[in-house]
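[1] next come a sequence and a model predicted from it.
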Amino acid sequence: MQNTDCYALRIQKIFVREKRRPPGPNTLHAARCTARDEDIWRQTTRRRAGNGHECVRERERERERERDPVCMPKVPAKAKAAPAARKKSGKDADNDDILVPSTNDMVEAGEVDAVVGRVKFAPHTELKAKDAAKKVEFRRVSVPQHRMTPLKNNWLALYTPVTENLKLDMRMNLKSRKVEIKTTERTPDAGNLQRAADFIHAYILGFEVNDAIALLRLDDLYIESFEVKDVKTLRGEHLARGIGRMAGKSGKTKFTIENASRTRIVLADTKIHILGSFQNIRVARDSICHLIMGSPAGKVYNRLRNVSARLNSSY
């Protein structure tokens, strides 16, 4: 009783210090009961635990088993399933809203391996080719303002091979000025989407439809783009003369390089686009770079003649 009186006296001091109304008899009685219960619990725990604290350890083990199903004891798979949760009475029944499944239920569901004692996960299955083909994918190709009119004039020539041969859907978004391409259920190969995007992009860069359509038929064709300033910094009349050397009179130099290297070239102001295979693009690029640097057209023709003869012998 000495401890309970001290507990009640401590409560009275707290009330006086905080300048509150002193506690009534019911509050002091509850304080005494709480202190008495705590003393009884301490004495019982010490008596049960002894020197080895076995009671505390056993309580920790039970908590770990409830928390982790892996730590539960091994149960045979044929054992009958226990109820999902025990029904509690009093205040515990009101607070216990979560139902914890028993070990037997987890064994029957396949979540715990009864033999090894570890959690089982469902096997990871890779996407099949049919599922991948059904997945809808998009490509969007931006169209600059100066290429809108040519795109409208040749829309059917671009739309037909994409929809009929590649089995894709294509439309023009006038609000965002982009050509949108997507796969359908009839698309045989997902790679057709990238081919169609390269085909539309080649036409927007300035290549003709008959030249750009080769990207749909052949696999080893590429497009390389660079600018005059990447080779040499030219300004004013020097830049105009450099572009004139690349084009030639009525486009004669450009056509000669295209025929000798088996490529297609587009001169768009200071940008140069080359369509062809990797080796042929290198030959055409070297010739154009020499023209930008100031070499005369006759010297470039002689070099092209030698390189084209070497390419024909290799074929």
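    Nice, I can see it. Numbering: from 1, shown residues only.

[2] look at the nearest residue to Thr184 once chain neighbours are set aside and give its secondary structure.
    Excluding its sequence neighbours, the residue lying closest to Thr184 (C-beta to C-beta, 6 or more residues apart in numbering) is Asp169, at 5.6 Å. Just so you know, the C-beta spots here come from the backbone N, C-alpha and C atoms, and that holds for glycine as well. Classification of Asp169 by DSSP: H, G, I helix; E, B strand; the rest coil places it in strand.

[3] I figured Asp198 hits Arg217, correct?
    No: applying C-beta atoms under 8 Å as the test, Asp198 and Arg217 come out as separate, 12.0 Å apart.

[4] looking at these two, which is more packed in?
    Between Asp198 and Arg217, counting by other C-beta atoms under 10 Å, Asp198 is the more crowded of the two (18 against 10).

[5] in contact with that one, which residues?
    Applying C-beta atoms under 8 Å, 6 or more residues apart in numbering, we find Asp198 in contact with 215, 223.

[6] residue ranges in the protein under the pLDDT threshold?
    Counting by pLDDT under 70, the chain shows low-confidence ranges at 1-57, 63, 65-134, 314-315.

[7] quick check: domain ranges of it?
    2-49, 67-75+101-121, 134-217, 222-314 (automatic domain parsing).

[8] identify each buried residue in the one helix or strand Ile288 maps to, please.
    Using DSSP states H and E, Ile288 maps to helix 278-293. Neighbour-count burial for helix 278-293, counted by 16 or more other C-beta atoms under 10 Å, picks out 280-292.

[9] what do you get for stretch 233-250?
    Residues 234, 239, 242-243, 245-247 are the ones in stretch 233-250 that count as buried (16+ other C-beta under 10 Å).

[10] farthest-apart pair in the residues you listed, please.
    Maximum pairwise distance in these, criterion C-beta to C-beta, is 14.7 Å, between Leu234 and Ala247.

[11] residues contacting stretch 228-241, please?
    Stretch 228-241 is contacted from outside by 242-243, 270, 272, 289, 292-293, using C-beta under 8 Å, 6+ apart.

[12] cutoff 7 Å now
    For stretch 228-241, the surrounding residues in contact (C-beta atoms under 7 Å, 6 or more residues apart in numbering) are 242, 270, 289, 292-293.

[13] also stretch 307-315?
    So stretch 307-315 is contacted by 260, 283 (C-beta under 7 Å, 6+ apart).

[14] any idea how far Met246 lies from Phe207?
    The gap separating Met246 from Phe207 is 17 Å, by C-beta to C-beta, to the nearest Å.

[15] what of Ser142?
    Remark: distance between Ser142 and Phe207 (C-beta to C-beta) = 16 Å.

[16] have a look at the two and say which one is more surrounded.
    Taking neighbours as other C-beta under 10 Å, Ser142 and Phe207 compare with Phe207 leading, 21 against 11.

[17] from Lys249, how far out is the more buried one?
    Phe207 sits 23 Å away from Lys249, going by C-beta to C-beta.

[18] alpha carbons of the helix or strand that contains Ala240, as PDB, please.
    Using DSSP H and E, Ala240 maps to helix 237-247. The C-alpha trace of helix 237-247 is given here as PDB (Å, rounded to 0.1, in the frame of the first residue of the first chain):
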ATOM      1  CA  GLU A 237      29.300  34.500-100.100                       C
ATOM      2  CA  HIS A 238      31.700  31.700 -99.100                       C
ATOM      3  CA  LEU A 239      28.800  29.700 -97.900                       C
ATOM      4  CA  ALA A 240      26.800  30.400-101.100                       C
ATOM      5  CA  ARG A 241      29.700  29.300-103.300                       C
ATOM      6  CA  GLY A 242      30.200  26.100-101.200                       C
ATOM      7  CA  ILE A 243      26.500  25.200-101.700                       C
ATOM      8  CA  GLY A 244      26.900  25.900-105.400                       C
ATOM      9  CA  ARG A 245      29.900  23.600-105.700                       C
ATOM     10  CA  MET A 246      27.900  20.800-104.100                       C
ATOM     11  CA  ALA A 247      24.900  21.200-106.400                       C
END
